[in-house]
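[1] my questions concern the predicted model and sequence given below.
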Amino acid sequence: METLSDGVITLDRWRPGDLDDLVATVSGSLEHIGAWLIWASSGYGPEEGTEFLTGTAERWASGEGFEYGIFDTDGTLAGGCGLMRRDEGREIGYWLAEPFTGRGLATRATALLLTEAWRLGAPHVDILHDELNTKSGAIPARLGFTLHRKEAASDAIAPACSGNDFVWRLLRPEAAGD
Ligand SMILES: CC(C)(COP(=O)(O)OP(=O)(O)OC[C@H]1O[C@@H](n2cnc3c(N)ncnc32)[C@H](O)[C@@H]1OP(=O)(O)O)[C@@H](O)C(=O)NCCC(=O)NCCS
């Protein structure tokens, strides 16, 4: 679904018109986001934003991934999140601009994406984060995921990362039906 909401936040599929807000939001929290996410670790401008928005439209069309802006109650862009296909399961990722942290918005976004994952028939959902990124790990822990495995990061790592990933997994609840 292109829009998901819990009455506090709204996840809206990224659109080309989000470019200016996306670039301003990421570049305004560059150190906070870039410490942990390689795509924001060496600057973020219109070129990077355009590349992302083009890529996300392709991933949506192919079914590879559904990526959304996270909008606060008043409609302000607070961050981004995605539900990506990974083998037979799905994987959730997220980021918030620094002023929007500490209020549970990423946990809310993840809960909305979980409901979408079950609706799409996913057998399980994973969340990966660097072992040092405790704020990120608190989200799957809060939502009932269990630590599934530890592994070496497969991609280039952002500056604050150790290179060791924790992989959390939540199995499809029986109540989700088939
Ligand atoms: C990872 C990241 C999204 C976590 O942000 P966050 O604000 O800690 O997460 P949430 O929005 O779920 O908020 C949780 C905090 O709000 C508090 N909170 C308040 N109301 C809440 C609610 N209704 N539900 C859940 N938490 C709530 C929690 O206690 C927690 O605070 P604490 O960290 O002081 O314990 C953020 O740190 C970030 O964007 N980091 C940079 C990018 C990144 O690392 N992305 C993940 C890569 S794997």
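    It's in.
[2] can we go C-alpha only for contacts and neighbour counts from here?
    Noted.
[3] helix or strand for the closest residue to Leu4 other than its chain neighbours, which one?
    The shortest distance from Leu4 to any residue other than its chain neighbours is 5.0 Å, reached at Leu11 (C-alpha to C-alpha, 6 or more residues apart in numbering). Under the criterion of DSSP states H and E, Leu11 resides in strand 10-13.
[4] again with Val8
    Val8 belongs to no helix or strand, assigned by DSSP H and E.
[5] thought it was touching Thr73?
    Yes - with contact defined as C-alpha atoms under 8 Å, Val8 counts as touching Thr73 (5.2 Å).
[6] for this protein, what's the longest helix?
    Ordering each helix of the chain by length in residues (DSSP state H) puts helix 46-62 first.
[7] would you mind identifying the next helix or strand past it?
    strand 65-71.
[8] would you mind identifying the next helix or strand past that following strand?
    Scanning onward from strand 65-71 (DSSP H and E), the first element met is strand 77-86.
[9] Lys167 belongs to a strand?
    Not quite, residue 167 is Val, not Lys. Yes - counting by DSSP: H, G, I helix; E, B strand; the rest coil, Val167 falls inside a strand.
[10] residues of this protein that sit close to the ligand?
    Residues of the chain lying close to the ligand (C-alpha under 6 Å from any ligand atom) are 32-33, 36-37, 94-96, 101-107, 128-129, 135-136, 139.
[11] what do you get if the cut-off is 5 Å, keeping everything else the same?
    For the chain, the residues in contact with the ligand (C-alpha under 5 Å from any ligand atom) are 33, 36, 95-96, 101-107, 129, 135-136.
[12] how about those residues in JSON lines, adding neighbour count?
    Below are these laid out as JSON lines (neighbours: other C-alpha atoms under 10 Å):
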{"residue": "Ile33", "neighbour count": "21"}
{"residue": "Trp36", "neighbour count": "22"}
{"residue": "Trp95", "neighbour count": "22"}
{"residue": "Leu96", "neighbour count": "22"}
{"residue": "Thr101", "neighbour count": "14"}
{"residue": "Gly102", "neighbour count": "10"}
{"residue": "Arg103", "neighbour count": "9"}
{"residue": "Gly104", "neighbour count": "11"}
{"residue": "Leu105", "neighbour count": "21"}
{"residue": "Ala106", "neighbour count": "24"}
{"residue": "Thr107", "neighbour count": "17"}
{"residue": "His129", "neighbour count": "22"}
{"residue": "Lys135", "neighbour count": "11"}
{"residue": "Ser136", "neighbour count": "20"}
